[in-house]
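[1] Return a 3D structure for these sequence lines:
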Amino acid sequence: MSTRGGDRGIELRQLRYFVTLAEELHFARAAAREHIVQSALSQQIQRLERLLGVVLVERTTHHVRLTPSGAVFLSQARSVLRAVDRAVAATRSASADAEVVRVAIGDASLDSMPQILRHAQYNRPGLVVHRTEATVPAQYRMLAEGSIDVGVGNAADAPRGIASEVFRLDPMGVLVAQAHPLARAAAVSVADLDGLELVLAEDAEAPEFNEFVTSMCAAAGFRPVRFPGTAQSIRAAAYLVGERECGAIVPASCDLLMPGLRWRPLEPPSLFPWSLLWRADDATPAVRAIRRAAAALSAKLDWLGDDAGGPGIAHQSHR
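    Sure thing, here's the model as predicted:
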């Protein structure tokens, strides 16, 4: 490490050598303290003086003493070394104390994981969370390889080694344009979706969600009509809904404000199960803290009970 002056560099070791020499006022004793030979110490002090363009120490055969410039530089050098020591100590302390957890939040328009993470960090101020967006299949791969620690999604197809816990049963609804006939209803029967083109993600990207929608429609006696195209996020689907005569199945936990759209709950209620996902052998405090936060919020907000809320689309209120 060095502090630069034009194309010249003063090294921290030179500052340290100088301070030691100023304290000992003896080259041999100073060199012994720094575990270097006396000639190396002398060379570094001379190099430091050349870099500064001043004489720092007066040398005779009988004594070593600081010059007036050396006395001024000693005070400043000590300040620099103390600042470096404080920075190193603070960095090591932060590294030792910080709990780091890597979390996939799913779709950024969904509010469950952000709420859970805020709750976890409120109760554990030292918890550092790194967030990413990823589909459920991608989360399984990332969990297995260790690039994330916690995920979220429908755990129906969770592979071996992935533990899960349901924390929210999320009422589903249909998102349509404000001018669509279904937008006038307080709630929409699942049977009324027959014939409406539904925007879905690619099956490889969201198999658990697409299967949920397909099964929901099958229970009402029809196969869903898929919009000729896909959307890999709720926001992307919402743009299509606003532009075309189509709809999208969206959970109540969606926190997406877009004018000109309406979200209507489905009847009978169709509840999507959100689960935390983590490696079954991961018992780290950070992962446990997020699990506790999910359980606490689930109980406080009655996420596993009835929820009549809807998404924040076109400024509609929701819980």
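
[2] Can you show me the strands along the stretch 1-150 of the chain?
    Here the stretch 1-150 of the chain has its strands, by DSSP state E, counting those that start in this stretch, at 2-5, 8-11, 57-59, 64-66, 99-104, 127-132, 150-153.

[3] Please dump those strands into TSV; it should also carry mean pLDDT, mean neighbour count and distance to residue 29 for every row.
    Heads up, the C-betas are built off the backbone N, CA and C, glycines and all. Listed next are the strands of the stretch 1-150 of the chain as TSV, based on pLDDT from 0 to 100; neighbours: other C-beta atoms under 10 Å; distance: least, C-beta to C-beta, whole Å:
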stretch	mean pLDDT	mean neighbour count	distance to residue 29
strand 2-5	42	11	26
strand 8-11	81	14	22
strand 57-59	91	15	14
strand 64-66	90	15	10
strand 99-104	92	20	45
strand 127-132	92	15	46
strand 150-153	96	27	57
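
[4] and those as JSON lines, adding distance to residue 229?
    Formatted as JSON lines, the strands of the stretch 1-150 of the chain follow (distance: least, C-beta to C-beta, whole Å):
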{"stretch": "strand 2-5", "distance to residue 229": "56"}
{"stretch": "strand 8-11", "distance to residue 229": "59"}
{"stretch": "strand 57-59", "distance to residue 229": "78"}
{"stretch": "strand 64-66", "distance to residue 229": "78"}
{"stretch": "strand 99-104", "distance to residue 229": "25"}
{"stretch": "strand 127-132", "distance to residue 229": "25"}
{"stretch": "strand 150-153", "distance to residue 229": "23"}
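
[5] Select, out of these, the one closest to residue 196.
    In terms of C-beta to C-beta, the element of the strands of the stretch 1-150 of the chain nearest to residue 196 is strand 150-153, at 25.2 Å.

[6] what's that closest one packed up against?
    strand 99-104, helix 136-145, strand 271-279 (3 or more C-beta pairs under 8 Å, 6 or more residues apart in numbering; DSSP states H and E).

[7] Export these to a markdown table and append columns for distance to residue 153.
    As requested, the helices and strands packed on strand 150-153 are arranged in a markdown table below (distance: least, C-beta to C-beta, whole Å):
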| stretch | distance to residue 153 |
| --- | --- |
| strand 99-104 | 8 |
| helix 136-145 | 4 |
| strand 271-279 | 6 |
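
[8] can you tell me which of those comes nearest to residue 186?
    Nearest of those to residue 186, taken as C-beta to C-beta: strand 271-279 at 18.5 Å.

[9] Now do the helix or strand following the closest one against strand 127-132, angle only.
    Tracing the chain past strand 271-279, the next element assigned as helix or strand by DSSP states H and E is helix 285-300. Angle of helix 285-300 versus strand 127-132, following axes from the mean of the first three to the mean of the last three C-alpha atoms, to 10 degrees, is 80 degrees.
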